[in-house]
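> Structure for this input, please:
(chains A, B, C and D)
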There are 2 protein chains.
Amino acid sequence: MASIQDVAHLAHVSTATASRALSRPDMVAPGTRERVLQAARELGYQPNVLARSLRQRETRTIGLIVADILNPFHATLAKGAQDSADQHGYTVFLFNSDEEPEKERRAIDTLRGHLPQGLIVVPTSGTREHLSTLPELPVVELDRVSGNPGSTTITVDNVGGAHAATRHLLELGHRCIGMIVGQQDISTAVERRQGFRTALEEAGVPSDDALVVPGNHREDDGYRAAHQLLSLPAPQRPSALFVGNNEMTVGAVLAVRELGLRIPADLSIVGFDDSRWAQTMSPPLTVIAQPAYELGRLACEHLIGLLGQARPAPPTHVQLPTELVIRHSTGPPPDPSPDRRPHRPPPGPSPLRP
Amino acid sequence: MASIQDVAHLAHVSTATASRALSRPDMVAPGTRERVLQAARELGYQPNVLARSLRQRETRTIGLIVADILNPFHATLAKGAQDSADQHGYTVFLFNSDEEPEKERRAIDTLRGHLPQGLIVVPTSGTREHLSTLPELPVVELDRVSGNPGSTTITVDNVGGAHAATRHLLELGHRCIGMIVGQQDISTAVERRQGFRTALEEAGVPSDDALVVPGNHREDDGYRAAHQLLSLPAPQRPSALFVGNNEMTVGAVLAVRELGLRIPADLSIVGFDDSRWAQTMSPPLTVIAQPAYELGRLACEHLIGLLGQARPAPPTHVQLPTELVIRHSTGPPPDPSPDRRPHRPPPGPSPLRP
DNA sequence: TTGAAAGCGCTAACAC
DNA sequence: GTGTTAGCGCTTTCAA
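Numbering: from 1, shown residues only, chains lettered A, B, ... in the order given. Predicted coordinates:
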């Protein structure tokens, strides 16, 4: 590859002048500039980013670690971040933790060697500890929060989303609602569970721990959890399911189909996170939608904002709203007993969230 | 960040010795080695990859450009490649061309500056030209081929896949089959179209250009193309659709639903590329499945193999098989006229492909 | 077995 | 406006 020396030589100038002509054109005489530019063009010169970064101690690079690139939600986060970085002249190094803290640790180590100027991470349970390795690096946590005090966070209103989903089911008349929830060491799972619980409490529906089944965010977990919930004995068996993430919803729907239950006639389902799949399955799925692309974009914008600061600014915390999208996977519960009142809002208080 | 100088100083050795202790442990006395390793641990030392790469003129980095990271097929390719690279101690720089040659060009330029030791690319129409900029870089083309003579290629049997899909429809009795095909400057689209045509010819079914509608690989294109095909006047209107990629299949199915047609009673559909979505939509979609993860993995293995070579080896061309997965989106055509013969193989030759 | 020194390609002080 | 020079952090001769 042609180096700046080659360019300088061809243009009959020093490397310093060549460098200036390329990166600070106004510091060099027009004639010289043209000669250098011409030489660069001729040689197909492309600056060696390694050398430049080494010298300037600035890589114009940011690290991004998502938890599961095969999950379209995460792929969308990544695209939002990458598009934004691109606009600002930054390059993204994308890694995948596969939801494994150990893989995340390795990704962070690899990343460190490449000297990113900042890091965006969708945390796993190990993130808080891993981040303590790099106290001076600006960090934005995306979608989930690790509890690391210095991190800026970009999240959605998980509590509100889960609350809205649950309330929707309650208003349809469901009183026995199951939840399939993520691991409780992940913030989003905790928050969604909390929104679920709060909505039940507000409606005066007693909560039953047997109706809340945890899973590890993957399709299989949703499948297993749904089977578990739907094999409960009759009075306890839920007439509706709220599933805490998109992948587990897939598994749950497959389990429901396998059991021969009709949606929503026999069982209502609400998923968290919208997707292609949710829209095209039949019946189309009622979901809590999240602005995935915007989350990724914002994470990057905020990170790049942080890079401008001389002193580390206090971390900001952005929370975007979620939206209940009612499609056709939810309806009144089957075979209502006389004292329930299908098609009507439930009795008792049902305040809107502020 | 701690540098090797810090480590050397703390261990009371020269930087040369510190460097050796870390990367060639057997070249250094056991005692010294331990001191250095201890110092490195203490300081949380992480080698500066930039400096190392600059010095060694070897980045242990490979570039990967996929055409659409939001397309699960491409995300899977990326994961296959990245996992494989990881195993070999290489780091992947992942870029996204968004099917735009211009974005691909920019990705390649950015990549060049980072001195990747090789490049894996899912080509766009501009790739062949762009690759001429980097004659000395080992390149593997993935899924599609650009025609660049030096590239190793990892593809699937698109002709055979399309042939099998078409033959399947013919055997069900369809005689009027529409195809939604990708842009003809993309190799996969050309090959799939060819497989389609050949199968029709072999069955003695006249091909009708009005039944082959091109699209630009995205959902919208599939939607529009399906509308166009299904609004043809009665005798020409297809009773089955073969759609040439996964995203366009989504659009086509949505269009079909919008028109109130039942699948497969009113219209059969076969898609190219399997997916979560294809398996869970209802009815589950008959597809030509491709080994996406394996494609990505192989691309990386082959590239890394290339890096070992002193002299550029002649490019190899790997083609993996596709598989017809029959689900429930295909069936006999509706309302057969007497001279067709639903449920039976078509008359005339219908040889199996070798 | 270890250290001194050069140099990868680039940019930024500093001189002129 | 341009050239000279030093040095980013690392590895690798070469010498001891």
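
> Run a quick neighbour tally on the residue in the stretch 101-250 of chain A that DNA strand C sits nearest to.
Of all residues in the stretch 101-250 of chain A, A:Leu115 sits closest to DNA strand C, at 13.1 Å by CB to the nearest atom of the strand. All C-beta spots, glycine's among them, are computed from the backbone N, C-alpha and C. A:Leu115: 20 surrounding residues under other CB atoms under 10 Å in any protein chain shown.

> For the stretch 1-150 of chain A, which residues are neighbours of chain B?
Contact residues, the stretch 1-150 of chain A versus chain B (CB under 8 Å from any CB of the partner chain): A:1, A:44, A:46-51, A:53-54, A:59, A:69-70, A:72, A:75-76, A:78-79, A:82, A:91, A:93-94, A:96, A:109-110, A:112-115, A:133.

> Just the buried ones from those residues?
A:1, A:46-51, A:53-54, A:59, A:69-70, A:72, A:75-76, A:78-79, A:82, A:91, A:93-94, A:96, A:110, A:112-115 (16 or more other CB atoms under 10 Å in any protein chain shown).

> close enough to count as contact, the residue of the stretch 101-250 of chain A closest to DNA strand C and B:Met1?
Yes: using CB atoms under 8 Å, A:Leu115 is in contact with B:Met1, at 7.4 Å.

> Can you tell me the SS state at A:Gly63?
strand (DSSP: H, G, I helix; E, B strand; the rest coil).

> surely it meets A:Val122?
No: between A:Gly63 and A:Val122 there is no contact, the gap being 11.9 Å when judged by CB under 8 Å.

> out of these two, which sits in the more crowded spot?
A:Val122 (29 against 25).

> Report the contact partners of that one.
A:Ile65, A:Val66, A:Ala67, A:His74, A:Leu77, A:Ser97, A:Glu141, A:Leu142, A:Asp143, A:Arg144 (CB atoms under 8 Å, 6 or more residues apart in numbering or on different chains).

> what's the answer for A:Val121, then?
With CB under 8 Å, 6+ apart, A:Val121 has these contacts: A:Gly63, A:Leu64, A:Ile65, A:Glu104, A:Thr127, A:Leu131, A:Val139, A:Val140, A:Glu141, A:Leu142, A:Ser146.

> The last one contacts A:Arg128, doesn't it?
Yes: judged on CB under 8 Å, A:Ser146 makes contact with A:Arg128 at a distance of 4.1 Å.

> More neighbours: which of those two?
A:Ser146 (23 against 16).

> Going by secondary structure, the more buried one is in what exactly?
Counting by DSSP states H and E, no helix or strand carries A:Ser146.

> Then A:Leu22?
Going by DSSP H and E, A:Leu22 is part of helix A:15-23.

> now for that helix, which elements pack on it?
helix A:4-10, helix A:30-43 (3 or more CB pairs under 8 Å, 6 or more residues apart in numbering or on different chains; DSSP states H and E).

> Could you name the helices and strands sitting against the last one?
I take that to be helix A:30-43. helix A:4-10, helix A:15-23.

> would you turn those helices into JSON lines with mean neighbour count and mean pLDDT?
What follows is the helices and strands packed on helix A:30-43, written out as JSON lines (neighbours: other CB atoms under 10 Å in any protein chain shown; pLDDT from 0 to 100):
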{"stretch": "helix A:4-10", "mean neighbour count": "18", "mean pLDDT": "96"}
{"stretch": "helix A:15-23", "mean neighbour count": "18", "mean pLDDT": "97"}
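
> Would you tell me which of these gets closest to B:Arg311?
Among the helices and strands packed on helix A:30-43, helix A:4-10 comes nearest to B:Arg311, with 24.2 Å by CB to CB.

> So which elements touch the closest one?
Using 3+ CB pairs under 8 Å, 6+ apart: helix A:4-10 touches helix A:15-23, helix A:30-43.

> And for the residue nearest to A:Thr322 when sequence neighbours are not counted, the neighbour number?
Distances taken as CB to CB, 6 or more residues apart in numbering or on different chains put A:Gly161 closest to A:Thr322, at 3.5 Å, once the chain neighbours are dropped. Per other CB under 10 Å, the neighbour tally for A:Gly161 reads 27.

> residue contacts, A:Pro235?
Applying CB under 8 Å, 6+ apart, the residues contacting A:Pro235 are A:Cys176.

> cutoff 7 Å now
By CB atoms under 7 Å, 6 or more residues apart in numbering or on different chains, no residues touch A:Pro235.

> A strand includes it, no?
No: counting by three-state DSSP, A:Pro235 falls outside a strand, being coil.

> circling back: next step: the contacts of A:Val122 restricted to helices.
Among the contacts of A:Val122, the members found in helices (DSSP state H) are A:His74, A:Leu77.

> Kindly indicate which of the contacts of A:Val122 lies nearest A:Thr330.
A:Asp143 (24.7 Å).

> Identify each buried residue in the helix or strand of chain A with the lowest mean pLDDT, please.
Across the helices and strands of chain A, mean confidence by mean pLDDT, DSSP states H and E is lowest for helix A:276-280: a mean of 87. Residues A:Arg276, A:Trp277, A:Ala278, A:Thr280 are the ones in helix A:276-280 that count as buried (16+ other CB under 10 Å).

> correct me, but the third one touches A:Val270?
So that's A:Ala278. No: taking CB atoms under 7 Å as the definition, A:Ala278 is not a contact partner of A:Val270, at 10.1 Å.

> Overlap in contacts, those two.
A:Val287.

> residues contacting A:Asp109?
By CB under 7 Å, 6+ apart, the neighbours of A:Asp109 are B:Gln46.

> ignore the last one, A:Ala289
Counted by CB under 7 Å, 6+ apart, A:Ala289 has contacts A:Asp274, A:Thr322, A:Glu323, A:Val325.

> And the buried ones among the residues you listed, selectable in PyMOL?
To isolate the buried members of the contacts of A:Ala289 in PyMOL, using 16+ other CB under 10 Å:
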select buried, chain A and resi 274+322+323+325
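
> Out of the contacts of A:Ala289, the closest to A:Ile288 would be?
Nearest to A:Ile288 among the contacts of A:Ala289, with distances taken as CB to CB, is A:Thr322, at 4.9 Å.

> Return the per-residue confidence for the closest one.
Looking at A:Thr322, its pLDDT stands at 98.

> Please give me every residue in contact with it.
Applying CB under 7 Å, 6+ apart, the residues near A:Thr322 are A:Val156, A:Asp157, A:Gly160, A:Gly161, A:Ile288, A:Ala289, A:Gln290.

> Now the buried members of these.
A:Val156, A:Asp157, A:Gly160, A:Gly161, A:Ile288, A:Ala289, A:Gln290.

> Distance to DNA strand D and pLDDT for those - can I get that in CSV?
Below are the buried ones among the contacts of A:Thr322 laid out as CSV (distance: CB to the nearest atom of the strand, whole Å; pLDDT from 0 to 100):
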residue, distance to DNA strand D, pLDDT
A:Val156, 39, 98
A:Asp157, 42, 98
A:Gly160, 46, 98
A:Gly161, 45, 98
A:Ile288, 46, 98
A:Ala289, 46, 98
A:Gln290, 40, 98
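
> possible to save those as JSON lines with secondary structure?
As requested, those are exported to JSON lines (three-state DSSP):
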{"residue": "A:Val156", "secondary structure": "strand"}
{"residue": "A:Asp157", "secondary structure": "coil"}
{"residue": "A:Gly160", "secondary structure": "helix"}
{"residue": "A:Gly161", "secondary structure": "helix"}
{"residue": "A:Ile288", "secondary structure": "strand"}
{"residue": "A:Ala289", "secondary structure": "strand"}
{"residue": "A:Gln290", "secondary structure": "coil"}
